[in-house]
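1. return atomic coordinates for the entry below.
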Amino acid sequence: MELGELSFSFTDMQWLLTIAVAFSAWLIGRQSARAAEVLEIRVRLTELETQMKQVPTSDQMGLLTQKLAHLDARMEGIANSVVPIATSLDRINDYLLKHR
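-> Model (predicted):
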């Protein structure tokens with residue numbers, strides 16, 4: 001083995017080492033990008049879980065529906081009781097306008 005052949009193999013080893021370093025840097029970059037994506041997904045999931053805790057359950061929605069139906073029935077009753085009063089007021093108004 002001559003010295004020229006030995007230096008040639010050192011050059012080849014240098015290229016192989018450079019390629020290996022570049023490849024490992026590329027892999028590390030990909031893994032850090034994946035870690036950033038996973039972190040972003042975790043943050044979004046945490047935000048969604050926080051928002052979902054504030055959403056009413058189906059039992060609460062059923063109770064709300066019952067209360068609204070009860071309120072609607074009461075409003076109908078009030079509206080029905082106001083009709084005779086309005087009629088009486090119309091009669092009083094007509095009487096006062098005719099018999100001033």
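2. can you pull out the helices in the chain?
-> 3-54, 58-98 (DSSP state H).
3. by mean pLDDT, show me the worst of these.
-> Among the helices of the chain, helix 3-54 carries the lowest mean pLDDT, at a mean of 81.
4. can you list the helices and strands that it packs against?
-> On a contact count with 3 or more Cβ pairs under 8 Å, 6 or more residues apart in numbering; DSSP states H and E, helix 3-54 meets no helix or strand. The C-beta positions use only the backbone N, C-alpha and C, and glycine is treated the same way.
5. that one: how far from the chain's middle?
-> Helix 3-54 sits 31 Å away from the centroid of its parent chain (Cα atoms, centre = their mean, to the nearest Å).
6. circling back: would you turn the helices of the chain into a markdown table with mean neighbour count?
-> As requested, the helices of the chain are exported to a markdown table (neighbours: other Cβ atoms under 10 Å):
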| stretch | mean neighbour count |
| --- | --- |
| helix 3-54 | 10 |
| helix 58-98 | 10 |
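7. domain-wise, how is the chain divided?
-> 1-55, 57-100 (automatic domain parsing).
8. end to end, how far does stretch 52-61 reach?
-> 14 Å (Cα to Cα, to the nearest Å).
9. what's next to it, contact-wise?
-> Stretch 52-61 has contacts (Cβ atoms under 8 Å, 6 or more residues apart in numbering) with Leu64.
10. how far does it sit from its chain's centre?
-> Relative to its chain's centre, stretch 52-61 lies at 14 Å (Cα atoms, centre = their mean).
11. equivalent analysis for stretch 50-68, please.
-> Distance, stretch centre to chain centre, for stretch 50-68: 17 Å (Cα atoms, centre = their mean).
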